[in-house]
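In: With the sequence up front, the predicted model follows.
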Amino acid sequence: MDADAKKKAAARAALDYVEDGMTVGVGTGSTVNHFIAALKDRRHRIAGAVSSSEASTRLLAESGIEVKSLNDTGDLALYVDGADEATRHLALIKGGGGALTREKIVAAASRRFVCIVDDTKLVDVLGRFPLPVEVIPMARSLVARKLAGMGGQPVLRQGFRTDNGNEILDVHNLKITDPVALEEKIGLLVGVVEVGLFARRGADVLLVAGDGGVRKLTR
Ligand code: 5RP
């Protein structure tokens, strides 16, 4: 099975968590795009969706799914999103698509976070995938120096602005043995909007698609 078929399998498995009448939190990325495609068939049975990016908002709207504001819905029962890396303890690196801040907001507002990945994303230690950090543009160099002081190699994502109008530093060469501590440490740097570590609030369910089917890992 190729990577895209695995993403599709993980996305379809997430449908088991969607209940009638729900407003579903929806993440961003190619795996989530498969989830939105699957959700389209259920569009008359759900109340709508809260989106984590302009790209997902467009796709949801094209699929006939009403996109609601998180300020109107209150807390959500379910959030479904992909990840760039995941551990067996359900800590994640996210933000490869640059939507980490809104993703973290929707995850924080949701009672259950179901993360959908293919098995190439499962790692023992986070950090092989460069860690995305969203920064206020005028603080880019300041934050980069602090991240270098932590042992990372920050690289500005060229020609990219987030949906919030900010920039992304992708931090290479971090071996993240304590993701909760690093999430807190980077999150406290002045000028950082969000860091793509999802460890304090990691996933509740990780659906990992491989050649043998979809495996479910829980906290
Ligand atoms: C976007 C994300 C995505 O969830 C992550 O990049 C995974 O993407 P894909 O499903 O395309 O592999 O965090 O900000």
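Out: Yes, it's here. Numbering: from 1, shown residues only.
In: For the rest of this, base every contact and every neighbour count on C-alpha atoms.
Out: Fine.
In: CA-only coordinates of stretch 161-178, as PDB, when you get a sec.
Out: Written as PDB, here are the backbone C-alpha positions of stretch 161-178 (Å, rounded to 0.1, in the frame of the first residue of the first chain):
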ATOM      1  CA  ARG A 161       3.000  33.300   5.400                       C
ATOM      2  CA  THR A 162       0.600  31.500   7.800                       C
ATOM      3  CA  ASP A 163      -3.100  32.200   7.700                       C
ATOM      4  CA  ASN A 164      -2.400  34.500  10.600                       C
ATOM      5  CA  GLY A 165       0.100  36.600   8.500                       C
ATOM      6  CA  ASN A 166       3.100  35.300  10.400                       C
ATOM      7  CA  GLU A 167       6.300  33.400   9.500                       C
ATOM      8  CA  ILE A 168       7.500  29.900  10.200                       C
ATOM      9  CA  LEU A 169      10.900  28.800  11.500                       C
ATOM     10  CA  ASP A 170      11.600  25.100  10.800                       C
ATOM     11  CA  VAL A 171      14.000  23.900  13.500                       C
ATOM     12  CA  HIS A 172      16.300  21.100  12.400                       C
ATOM     13  CA  ASN A 173      18.400  18.700  14.500                       C
ATOM     14  CA  LEU A 174      16.400  18.700  17.700                       C
ATOM     15  CA  LYS A 175      16.300  15.400  19.500                       C
ATOM     16  CA  ILE A 176      13.100  15.900  21.500                       C
ATOM     17  CA  THR A 177      13.300  13.500  24.500                       C
ATOM     18  CA  ASP A 178      11.100  15.600  26.700                       C
END
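In: Under a three-state scheme, what state does R201 occupy?
Out: Assigned with DSSP: H, G, I helix; E, B strand; the rest coil, R201 falls in the coil class.
In: Going forward, count from 58.
Out: Sure, I'll start numbering at 58, so the last one becomes R258.
In: so it touches S167, yeah?
Out: No - between R258 and S167 there is no contact under Cα atoms under 8 Å: 10.1 Å.
In: So between the two, which is more surrounded?
Out: The residue with more neighbours, out of R258 and S167, is S167; 18 against 15, by other Cα atoms under 10 Å.
In: Quick check, that one in contact with Y136.
Out: Yes - using Cα under 8 Å, S167 makes contact with Y136 at a distance of 5.9 Å.
In: quick one: contacts for the residue positioned nearest the centre of the chain?
Out: Closest residue to the average C-alpha location of the chain: K151 at 4.6 Å, with Cα atoms, centre = their mean. If you count contacts by Cα atoms under 8 Å, 6 or more residues apart in numbering, K151 has them with G139, A140, D141, E142, L157, L188, P189, G253, L254, F255.
In: In ChimeraX, how would I select just the buried ones from these?
Out: The buried subset of the contacts of K151, as determined by 16 or more other Cα atoms under 10 Å, is captured in ChimeraX by this line:
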select :139,140,141,142,157,188,189,253,254,255
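In: Looking at the contacts of K151, which is nearest D220?
Out: Minimum distance to D220 across these is 10.1 Å, recorded for L157 (Cα to Cα).
In: Surely that closest one and G253 touch.
Out: Yes - if you go by Cα under 8 Å, L157 and G253 touch, sitting 5.6 Å apart.
In: and for those two, which residues touch both?
Out: Common neighbours of L157 and G253 (Cα under 8 Å, 6+ apart) are K151, P189.
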